[in-house]
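Asks: Next one to model:
(3 chains)
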Amino acid sequence: MPELPEVETIRAQLEPRVVGRRIERLEVADPLLTAPEDPEAVAQVVRGAVISGVGRRGKYLEIMFRSGDSMAVHLRMTGRLHWRSGPPADGEERYLRALVLLDDGATITFGDARRFGRLWHVASGVDRTSYWNTRVGVEPLSPQFTADRLAGALAGRRVAIKPALLNQRIVAGLGNMYVDEALYAACVHPTRPAGELEGDEIRALHRAIRDRLKVAIRAGGASIDTYRDGLGQAGRMQTLLRVHLHEGEACRRCGATIVKTVVAQRGTYWCPQCQPDPFGMVPEPSRRRPRRIRQGVQG
DNA sequence: ATTTTCCCCTGCCGGC
DNA sequence: TGCCGGCAGGGGAAAA
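Replies: Residues are numbered from 1 along each chain as shown, chains lettered A, B, ... in the order given. So this is what the prediction gives:
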């Protein structure tokens, strides 16, 4: 599931390869990709556009054009962007939803098994700062993201810290995996009410979020299930996860057994000893066998 | 306003 | 072995 580090990895790989290139054509194979916009309308706008940069805001990618227009992309669950120096081989992208042809012969494929991914056009007149700010909150790796700012965003909230961190308007770019990792690193239980965290917990969490995201970017993202980077390669972060997907294994800090529960409708991994439950509840051990980490079975 | 639930999709896995 | 229900989760809409 592409989260901030995965999207940033793709962004960093795409940018040097596509800046200055002209888009010859955008072929949308699945109308759902641009819904509710008409694929032809998007293709029309994008045709002939010269790429000036590739940006990222949270988990959103933005391919910007000299005209001031841009093409925004969200990979959601299983979306992939893959740059190639030439056309993709036949059947190379099993779940092809769109194909971008560039003037140097290179291509970008948008593949997406689950079809949750979206691609749309952002008009030149739209102010980018406010456009993105209405959708996502502070960038966790920016200087604006401070412990104080995090405390302010969580203050007064009764919702559990896990769904609070999953809320893109509170902090941009965190998903299920990195929230688990950050909460574990900060020794904060996932169901602790967000507004009740102590100052030192907030500081630990702030630090943990930044640290885990930076490590993940350095590792090129985590290839669990379907994620691939912008060149079709697997990341390495899946080997560096400390708690997510580690159900039944010993906690590396205290030796207790990592458990998996459901928090906010999301599978949640945590250490019952390092991340003490606010109500002192003992987790029900799952009887199901832990899911194995599958590293890329999809074509 | 905030929080919770549901839904979209499809591939894969576990259970029978 | 094959079928099938359930699960996975980002984000938006709707409901509470």
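Asks: then stretch A:267-279 to CSV, C-alphas only?
Replies: Output of stretch A:267-279 as CSV, limited to C-alpha atoms (Å, rounded to 0.1, in the frame of the first residue of the first chain):
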residue,chain,number,x,y,z
GLY,A,267,-5.5,-4.5,11.2
THR,A,268,-3.2,-3.1,14.0
TYR,A,269,0.0,-4.6,15.2
TRP,A,270,1.5,-3.6,18.6
CYS,A,271,3.4,-4.8,21.6
PRO,A,272,1.2,-5.3,24.7
GLN,A,273,4.1,-4.6,27.0
CYS,A,274,5.9,-1.6,25.3
GLN,A,275,2.6,0.0,24.3
PRO,A,276,0.5,-0.3,27.5
ASP,A,277,-3.2,-0.3,27.0
PRO,A,278,-5.0,2.7,28.5
PHE,A,279,-7.6,0.5,30.1
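Asks: quick check, that stretch touching DNA strand B?
Replies: No: using CB under 7 Å from any atom of the strand, stretch A:267-279 stays clear of DNA strand B, with a minimum separation of 12.1 Å. For the C-beta atoms, the positions are set from N, CA and C on the backbone; glycine is no exception.
Asks: So what touches that stretch?
Replies: Residues outside stretch A:267-279 that contact it (CB atoms under 8 Å, 6 or more residues apart in numbering): A:162, A:176, A:180, A:183-184, A:187-193, A:196, A:243-247, A:251, A:253-254, A:256-262, A:282-283.
Asks: The closest residue to residue A:154 other than its chain neighbours: how many residues sit nearby?
Replies: Nearest non-adjacent residue to residue A:154, counting by CB to CB, 6 or more residues apart in numbering: residue A:194, 4.3 Å away. Residue A:194: 23 surrounding residues under other CB atoms under 10 Å.
Asks: gap between residue A:194 and DNA strand C?
Replies: Distance from residue A:194 to DNA strand C, counting by CB to the nearest atom of the strand, to the nearest Å: 16 Å.
Asks: what's near enough to touch that residue?
Replies: A:154, A:157-161, A:164.
Asks: which of these has the most neighbours?
Replies: Neighbour tally across the contacts of residue A:194 (other CB under 10 Å): the maximum, 29 neighbours, falls on residue A:161.
Asks: Among the contacts of stretch A:267-279, name the ones in helices.
Replies: Among these, the members found in helices (DSSP state H) are A:162, A:176, A:180, A:183-184.
Asks: and which of the residues you listed is nearest DNA strand C?
Replies: Nearest to DNA strand C out of these is residue A:176 (CB to the nearest atom of the strand; 3.6 Å).
Asks: State the pLDDT value of the closest one.
Replies: Here, the pLDDT recorded for residue A:176 equals 92.
Asks: Quick one: residues contacting it.
Replies: A:1, A:3, A:166, A:244, A:266-268.
Asks: Let me have the residues you listed in TSV, adding secondary structure as columns.
Replies: Shown next, in TSV, are these (DSSP: H, G, I helix; E, B strand; the rest coil):
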residue	secondary structure
A:1	coil
A:3	coil
A:166	helix
A:244	coil
A:266	strand
A:267	strand
A:268	strand
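Asks: re the thing from before, separate out the buried members of the contacts of stretch A:267-279.
Replies: Listed as buried from those are A:162, A:176, A:180, A:183-184, A:187-192, A:243-247, A:251, A:257-261; burial here means 16 or more other CB atoms under 10 Å.
Asks: In strands, which of those residues fall?
Replies: Members of these lying in strands (criterion: DSSP state E): A:259-261.
Asks: The spatially closest residue to residue A:144 that is not a sequence neighbour bridge partners, please.
Replies: Distances taken as CB to CB, 6+ apart put residue A:138 closest to residue A:144, at 5.3 Å, once the chain neighbours are dropped. Assessed by DSSP bridges, residue A:138 has beta-bridge partners residue A:171.
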